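A.B. asks: Build me a model:
(one chain, ligands or ions: 1)
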Amino acid sequence: MTAAPADTVPAPVPADGAAPTGPEPAGPEAALIRDMVRIRCVEEELCDRYRDDQEMRTPTHFSIGQEATAVGVAAATGPDDLVYTGHRSHAPYLAMGGDLRAMVAELYGRESGCARGRGGSIHLVDRSAGFAGSAAILGEMISVAVGAGWSAALRGRPQVALTFFGDGATEEGVFHEAVNFAQVHRVPVVFLCENNLYSISSPLGQRQPAGSTITDRVTAYGLWARSVDGNDVYAVRAAARAAVQRCRTGAGPAFLELHTYRWREHVGPGWDHDHGYRSREEIDAWMARCPIRRAVEVARPTQPGLDDWVREWERRYRAEVRDAVRVARAAAWPPVSTLVDGAYGAGR
Ligand SMILES: Cc1ncc(C[n+]2csc(CCOP(=O)(O)OP(=O)(O)O)c2C)c(N)n1
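C.D. replies: Okay, here's the model as predicted:
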């Protein structure tokens, strides 16, 4: 496995700091930063455990570097809204308030996991938090989200469905069918494309025509569509609020192309600087645009002691996820006799 590029991984705040003395920063801006720090800590700890313990028997797609998209969007949702994702699911699940212990137990395959240990990283769900589900088939949950939004509209409920997917998923036929259907029927659904430039190791530039953009293609269907800096959590929140508001008022679906970048390999906890499909310079440039560091830089002048608190949050959340791992490892496995419970056609 490739070693971490320790010389390039930027710290969100300067390393030499004291324990916080002042009150914990309050307010929505601090909450955005705190939530991104929590997701980063959870995923980094899980990366370490995945690599060292060899106990998680599930493919994991980490969002390290992409935290601003999940957190900015979640901040724009209401209590009845529903979020659906594809395989890169941890960050939206946590941003929506999904139960951490149930997520970690799921990754460890335990009965106490959010999908009873049967789904793993790609099949997270916590309906009580509005995280309605994630699935491995590229594009699948896009159509499910449209169905959920349409159902809400037909029942006259002010509920919005939101769906995260990557740039690769926009190349699935179902994406185009879903967008067109949603526009024709004015479905309250927000399409959220996390454009991180790659479909596994295949660059966008080799897959889509030069000079075209995903936003342009969606605009051609008549949707309200915006291209957003996905590493700017404040910009993501503003765009997501506008998109959700449109849906809420019956104006029809909305689309956001959120430009961002994953730091780790496509699947798994490793670094892939030497795999040959993206340049070291490109990765370094995106790491320098770390969404947490950028958000801290914006908030620092008005939030006294913020740097100390970011370090405190890192300590707190590292401890929280280590505790979740400890609880998961002590939990029971699903009994073999229940293996096909909940599976389609089981019992026939
Ligand atoms: C229908 C289907 N085809 C292919 C795959 C294999 N696959 C899994 S992830 C992936 C790339 C996804 O890229 P993107 O949608 O950009 O999301 P990202 O991983 O970059 O977040 C592919 C091709 C799949 N899961 N489902």
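A.B. asks: Next up, phi/psi of residue 323, please.
C.D. replies: phi -70, psi -40 (degrees, to the nearest 10).
A.B. asks: Would you mind confirming that residue 93 makes contact with residue 126?
C.D. replies: Yes: contact criterion Cβ atoms under 8 Å: residue 93 and residue 126 qualify, at 6.5 Å. All C-beta spots, glycine's among them, are computed from the backbone N, C-alpha and C.
A.B. asks: Check the spacing between the residue in the stretch 1-150 of the chain positioned nearest to the ligand and residue 258 real quick.
C.D. replies: Closest approach of the stretch 1-150 of the chain to the ligand (Cβ to the nearest ligand atom) occurs at residue 138, with a separation of 3.5 Å. As for residue 138, its distance to residue 258 is 17 Å (criterion: Cβ to Cβ, to the nearest Å).
A.B. asks: Compare the two and say which is more crowded by neighbours.
C.D. replies: More crowded of residue 138 and residue 258, by other Cβ atoms under 10 Å: residue 258, with 27 against 19.
A.B. asks: helix/strand/coil for that one?
C.D. replies: strand (DSSP: H, G, I helix; E, B strand; the rest coil).
A.B. asks: rewinding a little: what residues do residue 93 and residue 126 have in common as contacts?
C.D. replies: Common neighbours of residue 93 and residue 126 are listed as residue 103 (criterion: Cβ atoms under 8 Å, 6 or more residues apart in numbering).
A.B. asks: re the thing from before, identify the residue nearest the residue of the stretch 1-150 of the chain closest to the ligand in space, chain neighbours excluded?
C.D. replies: Beyond its immediate neighbours in the sequence, the residue positioned closest to residue 138 (Cβ to Cβ, 6 or more residues apart in numbering) is residue 169, lying 4.9 Å away.
A.B. asks: can you count the residues close to that neighbour?
C.D. replies: Applying other Cβ under 10 Å, we find 23 other residues in the vicinity of residue 169.
A.B. asks: how much space between it and the ligand?
C.D. replies: Using Cβ to the nearest ligand atom, to the nearest Å, residue 169 is found at 4 Å from the ligand.
A.B. asks: can you tell me how far the spatially closest residue to residue 278 that is not a sequence neighbour sits from residue 321?
C.D. replies: Leaving out its chain neighbours, the residue that sits closest to residue 278 by Cβ to Cβ, 6+ apart is residue 198, at 6.8 Å. Applying Cβ to Cβ, the value for residue 198 to residue 321 is 27 Å.
A.B. asks: Now the phi/psi pair for the residue in the chain positioned nearest to the ligand, please.
C.D. replies: Residue nearest to the ligand within the chain: residue 166 (2.1 Å; Cβ to the nearest ligand atom). Here is the backbone geometry of residue 166 (degrees, to the nearest 10): phi -100, psi 180.
A.B. asks: which ones are touching it?
C.D. replies: 86, 88, 193, 194, 195, 196, 199.
A.B. asks: One more pass at 6 Å, please.
C.D. replies: Residue 166 makes contact with residue 194 under the criterion Cβ atoms under 6 Å, 6 or more residues apart in numbering.
A.B. asks: so how far is residue 308 from it?
C.D. replies: Distance from residue 166 to residue 308, by Cβ to Cβ: 36 Å.
A.B. asks: Ok, residue 49 next?
C.D. replies: Remark: distance between residue 49 and residue 308 (Cβ to Cβ) = 27 Å.
A.B. asks: sorry, back to before: beta-bridge partners for the residue nearest to residue 278, please?
C.D. replies: residue 203 (DSSP bridges).
A.B. asks: Count the residues that sit near it.
C.D. replies: Counted with other Cβ under 10 Å, the neighbours of residue 198 add up to 19.
A.B. asks: How about the residues of the stretch 201-348 of the chain by the ligand?
C.D. replies: Residues of the stretch 201-348 of the chain found near the ligand (Cβ under 6 Å from any ligand atom) are residue 266.
A.B. asks: which stretches of the stretch 201-348 of the chain have low pLDDT?
C.D. replies: Within the stretch 201-348 of the chain, the segments meeting pLDDT under 70 span 346-348.
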